[in-house]
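# Next input, structure requested:
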Amino acid sequence: MIRFIPSACLATALLVVAPPARADFASCVASLRTDASAKGISDKTIAAAFDSLQPDPKVLDFESNQPEFKTPIWDYMAGLVDDERVEDGKAAVAREMSALARAEAHFGVDRYVLAAIWGVESNFGQNTGGRPLAQSLTTLACQSSQRPAYYRGELMAALEIVDRGDIPLDKLTGSWAGAFGQTQFMPSTFLRLAVDLDGSGRDIVDSPAAALASTANYLAKSGWRSGEPWGFEVKLPEGYSGPSGRKAKAAMSVWASRGIKRIDGKPLGETEAGLLLPAGPQGPGFLVTKNFDAIYSYNAAESYTLAIAILAQRLAGGPGIVTPWPTDDPGLSRAERRELQALLTKHGYDVGAPDGAIGDKTRTAIADFQGKNGLTVDGRASVKVLAALRR
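Reported below is the predicted structural model:
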């Protein structure tokens, strides 16, 4: 997931909030204080959370501005499961092996899946988000046009976390929507599922052990089956047009009768699985089990789930995806994206610091460069664009 950094324009934005908006916000905050007090939150925590609190307009922008750029699956996978993340992940796994082994033994969840979620959600604890949850959730509870009641509930849960002494308020920072910690729990999820397996507490912000154990608990509660794989890549028979879809589970014997074979030639096994074809029958295919569904519950997107699964497989020493994606212009790794941004800067484009995150500035620059160099204008950070920039 992408993390957000407070805008340098925030102070300026706050200065131009109209008086009626200020009044409405103050009235809403007063009602939140009343609600928190009624739920048993201490006066000390309430004062720390709400005294002098101002709204953060930027979170409303994040909530309302839906991205127009649809990321192809091969771009998504190239950025999340690259050699850099695998290398960093193997070092992180070695560093936290005792915590991973403890979580796996207690909950039965594969340690490499836990490590993969950790890697994708916070880059192994390096990027957990910097927005104060009290400010973000209060802004959304008071000014959101979409789910104010939901954010109100998450705010109350965040205050309870502080009041119980699990995590202090100044450390409770995260994404614009309120997810926090090394594996990005929402506050209500933390209250339900955060655990302490080693006696060090449930601080998923500073403690990888707490974050990994809590994530294992989440997956176990979501139906993870101990000892069963998430699935595996398969080879389809020529011209396959049979059933597909993650939810269309069938016995492995049924898939075998349809001509489906594992890409590595091993037997399919005995469990039930669905056939996932994220780019259609011309691209890679995967038979995915109930454990794939358990990962899906963590972030309801099949592309995210596949990224976790393949990253886990590579962290365990296995291969990546064998079958090529059906494109002649593959996506770029994060290192290649940083190179692309640096080259765009050399060509006179303002894309900011080369951080590998492809945002609006980078896409606009790419589109302009493509148009001037006879390439298809789509704003994608791709192999063809990088090759053209290198010339």
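
# Got the domain ranges for the chain?
Here the domain assignment for the chain is 1-70+135-175, 231-315, 334-390, based on automatic domain parsing.

# Residue ranges in the protein under the pLDDT threshold?
1-23, 66-69 (pLDDT under 70).

# Now do the strands in it.
Using DSSP state E, the strands of the chain run over 131-132, 173-174, 231-235, 245-251, 261-262, 272-276, 285-288.

# which of those strands is buried the deepest?
Across those, the average number of neighbours (mean count of other Cβ atoms under 10 Å) peaks for strand 285-288, which reaches a mean of 25. The C-beta positions use only the backbone N, C-alpha and C, and glycine is treated the same way.

# ok, residues contacting that one?
Contact partners of strand 285-288, identified using Cβ atoms under 8 Å, 6 or more residues apart in numbering, comprise 230-236, 244, 246, 252, 255, 260, 268, 273-278, 306, 309, 323.

# How far away from the center of its chain is stretch 371-390?
Chain-centre distance of stretch 371-390: 27 Å, with Cα atoms, centre = their mean, to the nearest Å.

# Can you list the buried residues in it?
Of all the residues in stretch 371-390, those buried under the rule 16 or more other Cβ atoms under 10 Å are Leu375, Gly379, Arg380, Ala381, Ser382, Val383, Val385, Leu386, Ala388, Leu389.

# quick one: contacts of that stretch?
The contact list for stretch 371-390, computed with Cβ under 8 Å, 6+ apart, reads 69, 72, 75, 329-332, 336-337, 339-340, 343-344, 347, 358, 362-364, 366-367, 369-370.

# before we move on, back to that, just so I know, which of the domains of the chain lies nearest Ala92?
domain 231-315 (8.8 Å; Cβ to Cβ).

# ends of the closest one, how far apart?
Across domain 231-315, the terminal residues are separated by 16 Å (Cα to Cα, to the nearest Å).

# Any idea how far that domain is from the middle of the chain?
The mean C-alpha position of domain 231-315 is separated from the chain mean by 21 Å, Cα atoms, centre = their mean.

# so where do the helices sit in the stretch 1-150 of the chain?
Using DSSP state H, counting those that start in this stretch, the helices assigned to the stretch 1-150 of the chain run over residues 10-15, 19-38, 43-50, 57-64, 73-80, 83-95, 97-107, 111-122, 133-143, 148-163.

# which one of those lies closest to Asn299?
Using Cβ to Cβ, the nearest of those to Asn299 is helix 111-122, at 8.5 Å.

# so Ala316 makes contact with Val113?
No: with contact defined as Cβ atoms under 8 Å, Ala316 and Val113 do not form a contacting pair (9.2 Å).

# which one of these two has more residues nearby?
Counting neighbours by other Cβ atoms under 10 Å for Ala316 and for Val113 shows that Val113 has the greater number, 28 against 15.

# ok, now which ones touch the residue nearest to Phe286 when sequence neighbours are not counted?
In this structure, Phe286 finds its nearest non-sequential neighbour in Leu276, 4.5 Å apart by Cβ to Cβ, 6 or more residues apart in numbering. Each residue near Leu276 by Cβ under 8 Å, 6+ apart is listed here: Gly231, Ser244, Gly245, Arg246, Gly285, Phe286, Leu287, Val288, Phe292, Glu302, Leu306.

# May I have the beta-bridge partners of the fifth one?
Gly285 has these beta-bridge partners by DSSP bridges: Val234.

# same thing with the third one?
Applying DSSP bridges to Gly245 gives these bridge partners: Leu275.

# Use 53 as the first number from now on
Shifting the count to begin at 53 puts that one at Gly297.

# wait, it sits on Ala325?
No: contact between Gly297 and Ala325 fails when scored by Cβ under 8 Å: they sit 11.1 Å apart.

# Which among the contacts of stretch 423-442 count as buried?
For these, a burial check counting by 16+ other Cβ under 10 Å picks out 124, 127, 381-384, 388-389, 391-392, 395-396, 410, 414-415, 418-419, 421-422.

# And Phe242, how close does it get to Gly294?
43 Å (Cβ to Cβ, to the nearest Å).

# When the two are compared, which one has more neighbours?
Between Phe242 and Gly294, counted using other Cβ under 10 Å, Phe242 has the larger neighbour count: 23 against 14.

# So Lys273 sits against Val247, correct?
No: between Lys273 and Val247 there is no contact under Cβ under 8 Å: 10.8 Å.

# which one of those two has more residues nearby?
For Lys273 and Val247, the more surrounded residue by other Cβ under 10 Å is Val247, and the numbers stand at 17 against 13.

# Could you pick out which of the buried ones among the contacts of stretch 423-442 are located in helices?
Counting by DSSP state H, the part of these found in helices is 127, 388-389, 391-392, 395-396, 414-415, 418-419, 421-422.

# Let me know the closest of those to Asp316.
Nearest to Asp316 among these is Asp127, at 25.8 Å by Cβ to Cβ.

# ok, the closest one - contacts?
Per Cβ under 8 Å, 6+ apart, neighbours of Asp127: Gly383, Leu384, Arg432, Ala433, Ser434.

# from those, which two are the most distant?
Spatial extent of the contacts of Asp127 (Cβ to Cβ) is set by the pair Leu384 and Arg432 at 9.2 Å.

# Burial check on the nearest residue to Ile256 once chain neighbours are set aside, number of neighbours?
The spatial neighbour of Ile256 that comes closest, neighbours along the chain excluded (Cβ to Cβ, 6+ apart), is Gly233 at 3.4 Å. When counting by other Cβ under 10 Å, one arrives at 31 neighbours for Gly233.

# follow-up on the earlier one: could you dump the ones in helices among the buried ones among the contacts of stretch 423-442 to a markdown table with distance to Lys91?
Listed next are those as a markdown table, based on distance: Cβ to Cβ, whole Å:
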| residue | distance to Lys91 |
| --- | --- |
| Asp127 | 44 |
| Glu388 | 49 |
| Arg389 | 45 |
| Glu391 | 51 |
| Leu392 | 49 |
| Leu395 | 54 |
| Leu396 | 50 |
| Thr414 | 44 |
| Arg415 | 44 |
| Ile418 | 49 |
| Ala419 | 50 |
| Phe421 | 54 |
| Gln422 | 54 |
